[in-house]
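Chemist: Requesting a structural model of the entry that follows:
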Amino acid sequence: MAATGKVDLYAAIRRDARQGMSGRALARKYGVHRRTVAQALASVWPTPRKMPPPRPSRLDPYKPFVDHMLPVDLDAPVKQRHTVVRILNRLVEEHHADEISYAIVRDYVRQRRAEIRLEEGRGPPTGFIEQTHHPGAEAEVDFGDVWIRLAGELTRCYLFAFRLSWSGKSIHRMFLTCSQEAFFEGHVHALTMLGGCPTGKVRYDNLKPAVAKVLGFSRARVETERWTAFRSWAGLEAFYCRPGLQGAHEKGGVEGQIGWYRRNHMVPVPDVQSMTELNALIDTWDEQDNRRRIRSQTQTIGERFALEQPLLAPLPTDHFEIGRLFTPRVNNHSQISVRTNRCSVPVRLIGHPVRVMLFASHLVIYHKGVEVARHERLIAKGGSRLELDHYLETLAHKPGALPGATALEQARAAGKFTPAHEAWWAAARKAHGDAAGTRALIDVLLLHRHMAHEHVVAGVAAALRVGALTADAVALEARKIAQAASVEEQEPAPPRPAALAWLDEPAVVSLTSKRLAQLPPDTRPLPSVAVYDQLLRRRVQGGDRPTSQGGTP
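Modeler: Numbering: from 1, shown residues only. As a prediction, the model looks like this:
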């Protein structure tokens, strides 16, 4: 019986006893022993339950030997101290403790090592000191790994978190990498959403995007050049925590917040089609968290942030380029190499240098200040991202290279080269031959450059149904579908007043139609050709010939 229930039982017994009930009657009424009735009448508090004696362990005979080994380690070199395995081996070799397991020794050593250190006066137990934070002054930043299902595939991502220490307001952003570009983009997004910068220190661990080298056991760090420039631009004062677990306790707010966020918003595992979709969900979750209270605070996160936000420093007005610049040269495969990965560009740029801006989730390629290509960023090393459209001019001269092209395989995997394209291509090759049919397909693929993808696919399907295996037929069908779609999207306009009806007239009209509309009505009868019937030759009866041929009139 629980303690609270037993207190209630004692109170009921004492109440009935004051009304004159005997001990036997009380025992019968409440279904307890008369000894329990006597205990209830003697004290209002139940007798504490006796703890059972500790169970004997197979290690008990050998504990004195372990206690003799551990104090020696206090003065021994760090790399020559007893491990659990060494202690176990010594017990077996020196004391024949064959029945002792590793787990038993491990648990006992974990407890006794700390106790012996205290007994020898080597330091107090590890403790934590509660900190007081000032509004708008301090923040914490960290990355946390999260698993999501991206386009049906389980993918490891990295959650960036920027947390204000006083209010607990946190801004999150998900990336496929924890590179410096993601680090900067997360900061820009967080500072923009917060509407300002902390005026005091921002706590960081020793992550590579910011720290190039840790100097000894001090807090001095050699920062990366771009991070120093970014901090100067944003007005951030960095405070670097100690390496390892001890440093994690120095920014426990964001460490615990990432764990809370992972358990509450990432369970079950999110199933999304793109990182853009996931980050839109994260922005919604961040807004919902404003209604949450942290521990025993009387105000919600949103209410405390409303008080803290005016105290933040203003955002910088100038622009900082968070992307990383590269200037590769396009090779003969119409590709550039960026951080061991390859991306395609239009074939007309082969041999030319281009400028590449690498961001956290994508990269943009420029030539002479004009954007020529844009690709999603590849995370794995040695990958390639090839666009079939970039190779169409070369494939028009080498149609035999299309069936085995890597760009074609990637277009199929991405859903850009659809089954409709496949069926039309097969029919065109059967009708015109492999080379001519493939060139016709390339002409169809060129339509995607100035027409919507879905309209071209629908045009391909329509042309295939009627057996039209030319690019002109596909273009005609695609334009019909595009025009029909634009007409359906247009909403009917309200009727104009009579005085403005002329605005609905077509801007270009036929002059002939306009003149005919202004002529007066014609009341004359329709012309007849009946009078010309007399010019027809008469059919001569009998055997006489017409007079024109010498017959008798």
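Chemist: Quick one: find the helix or strand in this protein with the lowest mean pLDDT.
Modeler: When the helices and strands of the chain are compared on mean pLDDT, DSSP states H and E, helix 511-518 comes out lowest with a mean of 65.
Chemist: My read is that residue 382 contacts residue 340, right?
Modeler: Yes - counting by CB atoms under 8 Å, residue 382 touches residue 340, with 5.8 Å between them. All C-beta spots, glycine's among them, are computed from the backbone N, C-alpha and C.
Chemist: Count the residues that sit near residue 18.
Modeler: By other CB atoms under 10 Å, the residues close to residue 18 number 9.
Chemist: cool, and residue 114?
Modeler: Residue 114 has 13 neighbouring residues, counting by other CB under 10 Å.
Chemist: Kindly report the same for residue 529.
Modeler: 6.
Chemist: End to end on stretch 194-206, go ahead and measure it.
Modeler: From its first residue to its last, stretch 194-206 covers 24 Å (CA to CA, to the nearest Å).
Chemist: do the same with stretch 301-320
Modeler: This stretch, stretch 301-320, spans 30 Å end to end (CA to CA).
Chemist: Would you confirm that residue 178 belongs to a strand?
Modeler: No - secondary structure of residue 178 (DSSP: H, G, I helix; E, B strand; the rest coil): coil, not part of a strand.
Chemist: OK, contacts around it?
Modeler: Going by CB atoms under 8 Å, 6 or more residues apart in numbering, residue 178 touches 143, 158, 160, 207, 209.
Chemist: Would you list the buried entries among those?
Modeler: Taking 16 or more other CB atoms under 10 Å as the criterion, what is buried in the contacts of residue 178 is 143, 158, 160, 209.
Chemist: Give me the subset of those that lies in strands.
Modeler: Among these, the members found in strands (DSSP state E) are 143, 158, 160.
Chemist: Export those to TSV and append columns for pLDDT and distance to residue 470.
Modeler: Putting those into TSV (pLDDT from 0 to 100; distance: CB to CB, whole Å) gives the following:
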residue	pLDDT	distance to residue 470
143	92	55
158	93	50
160	94	52
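Chemist: Please identify the one among the residues you listed that lies nearest to residue 291.
Modeler: residue 160 (22.5 Å; CB to CB).
Chemist: Roughly how far does the closest one sit from residue 324?
Modeler: Separation of residue 160 from residue 324 (CB to CB, to the nearest Å): 17 Å.
Chemist: what's the answer for residue 105, then?
Modeler: For residue 105 relative to residue 324 (CB to CB), the value is 52 Å.
Chemist: what helix or strand does the closest residue to residue 470 other than its chain neighbours sit in?
Modeler: Excluding its sequence neighbours, the residue lying closest to residue 470 (CB to CB, 6 or more residues apart in numbering) is residue 440, at 6.3 Å. Per DSSP states H and E: residue 440 is located in helix 434-446.
Chemist: which secondary structure elements does that helix contact?
Modeler: In terms of contacts (3 or more CB pairs under 8 Å, 6 or more residues apart in numbering; DSSP states H and E), helix 434-446 is packed against helix 392-397, helix 419-432, helix 471-489.
Chemist: From residue 190, how far out is the most centrally placed residue in the chain?
Modeler: Per CA atoms, centre = their mean, the C-alpha nearest to the average position across the chain is that of residue 275, at 2.7 Å. As for residue 275, its distance to residue 190 is 17 Å (criterion: CB to CB).
Chemist: same check, this time on residue 450
Modeler: Plainly put, residue 450 is 40 Å away from residue 190 if you go by CB to CB.
Chemist: Comparing the two, which residue is more hemmed in?
Modeler: Legend: neighbour count by other CB under 10 Å for residue 450 and residue 190, higher for residue 190 (23 against 8).
Chemist: Mind checking what helix or strand follows the helix or strand where that one lies in sequence?
Modeler: Residue 190 is part of helix 180-194 when elements are defined by DSSP H and E. Using DSSP H and E, the next helix or strand after helix 180-194 towards the C-terminus is strand 201-204.
Chemist: Check which helices and strands that next one is in contact with.
Modeler: strand 139-150, strand 237-240.
Chemist: mind putting these in TSV, distance to residue 358 included?
Modeler: As requested, the helices and strands packed on strand 201-204 are exported to TSV (distance: least, CB to CB, whole Å):
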stretch	distance to residue 358
strand 139-150	19
strand 237-240	24
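Chemist: shouldn't residue 390 be in contact with residue 348?
Modeler: No - the pair residue 390 / residue 348 is not scored as a contact, 9.3 Å apart, by CB under 8 Å.
Chemist: Which residue of those two possesses the greater neighbour count?
Modeler: Taking other CB under 10 Å, residue 390 and residue 348 do not tie; residue 390 has more neighbours (20 against 14).
Chemist: what sits against the more buried one?
Modeler: Residue 390 sits next to 334, 344-347, 373, 407 when contact means CB under 8 Å, 6+ apart.
Chemist: Then residue 175?
Modeler: Residues near residue 175 by CB under 8 Å, 6+ apart: 157-158, 160, 182, 185-186, 275, 360-361.
Chemist: so where's the stretch 351-500 of the chain shaky on pLDDT?
Modeler: For the stretch 351-500 of the chain, the stretches flagged by pLDDT under 70 are 488-500.
Chemist: how close does residue 104 get to residue 64?
Modeler: 15 Å.
Chemist: Of those two, give the one with the bigger neighbour count.
Modeler: With neighbours defined as other CB under 10 Å, residue 104 and residue 64 compare such that residue 104 has more, 16 against 8.
Chemist: which non-adjacent residue is nearest that one?
Modeler: residue 59 (5.0 Å).
Chemist: Ramachandran coordinates for the one you found?
Modeler: Residue 59 adopts backbone torsions of phi -90, psi -10, taken as degrees, to the nearest 10.
Chemist: That one against residue 100, yeah?
Modeler: Yes - between residue 59 and residue 100 there is a contact at 5.9 Å, judged by CB under 8 Å.
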